[in-house]
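Engineer: Take this sequence and fold it.
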Amino acid sequence: MNSKNKKGVLHLMWTTKSAVLMIFMLFLSAGAFAQGKKQVSGTVYDNTGSVLPGASVIEVGTKNGTTTDFDGKFTLQVAVGGAIEVSFIGSTTQKVQITATTANVDVRLQNDGYALAEVQVVSVGYGKVKKSDLTGAISTVGADDLVKGTISSTEQVLQGKVAGLNIIRPSGDPAAGATLRLRGGTSLTASNSPLIVVDGIAGVDINVVQPSDIKSIDVLKDASATAIYGSRGANGVIMITTKSWTKGVS
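Structural biologist: Residues are numbered from 1 along each chain as shown. Model prediction:
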């Protein structure tokens, strides 16, 4: 065999060895990748033990993630040695470390007291807003805060419940109506009583509403709060929301 043929054989052998080595390396890399990732399943619960559908499950440091189904369950491919972060609106975020033996995880999220803080909403004539966003003087009385017992007129349910609201009974007759004064007397000839608004209807007699039907009462005291009612709100506005009206609009 001459030197030219010998070189050709050596080149072919080298090329074959290189190809085999490359294939081996590819299989080795694929095996290492398969070993680096594993499927993790689990269920997410709230602090009462109820499942949480729609909770977010994300592999930390990546965009790899999913959400829990209707039964609070999830399945995700996660790198061994990594971690998943589970979160839900109104709950604290929880992180779970993933090891080679991790296959199924149950995550219980705790309520976030700040996120679930109650927001008080009040009526201001043209809608409802958070009380913390108001600049006007408004007092709110809920159904549980109203005066209980024998009530001869609806005005009495507010007796002593709102600062600056005076309820005056002109005579000893139990059937006689009381006089309401919210901002003091401002007129010699017109009424000095506050405007009564029941379920959005202005100018209603407060005694047509039964105390048991009242859901809440919002008392608008100053000019900025009563501006929508113009001169009719000069003596303040008492807004009554009934239980039947709330049920009807919900």
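
Engineer: tell me which residues of the longest strand anywhere in the chain are tucked away?
Structural biologist: If you go by DSSP state E, the chain has its longest strand at strand 37-45. For strand 37-45, burial by neighbour count (16 or more other Cβ atoms under 10 Å) applies to 38, 40, 42-45. Where you see a C-beta, it was placed from the backbone N, CA and C, and this is true even at glycine.

Engineer: just stretch 99-107 next, same as before
Structural biologist: So stretch 99-107, judged by 16+ other Cβ under 10 Å, has buried residues 102, 105, 107.

Engineer: Those in strands, which ones?
Structural biologist: 105, 107.

Engineer: With pLDDT and distance to residue 94 as new columns, can the buried residues of stretch 99-107 be given to me in CSV?
Structural biologist: Output for the buried residues of stretch 99-107, formatted as CSV (pLDDT from 0 to 100; distance: Cβ to Cβ, whole Å):
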residue, pLDDT, distance to residue 94
102, 85, 15
105, 91, 10
107, 92, 6
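
Engineer: Kindly present the buried residues of stretch 99-107 as CSV, with separate columns for distance to residue 213.
Structural biologist: Below are the buried residues of stretch 99-107 laid out as CSV (distance: Cβ to Cβ, whole Å):
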residue, distance to residue 213
102, 57
105, 51
107, 45
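
Engineer: Between the buried residues of stretch 99-107, which sits nearest residue 90?
Structural biologist: residue 107 (15.2 Å; Cβ to Cβ).

Engineer: now that closest one: how far from residue 37?
Structural biologist: 20 Å (Cβ to Cβ, to the nearest Å).

Engineer: again with residue 83
Structural biologist: In terms of Cβ to Cβ, residue 83 sits 14 Å off from residue 37.

Engineer: Which stretches in the chain count as helices?
Structural biologist: For the chain, the helices defined by DSSP state H cover 3-36, 223-226, 243-249.
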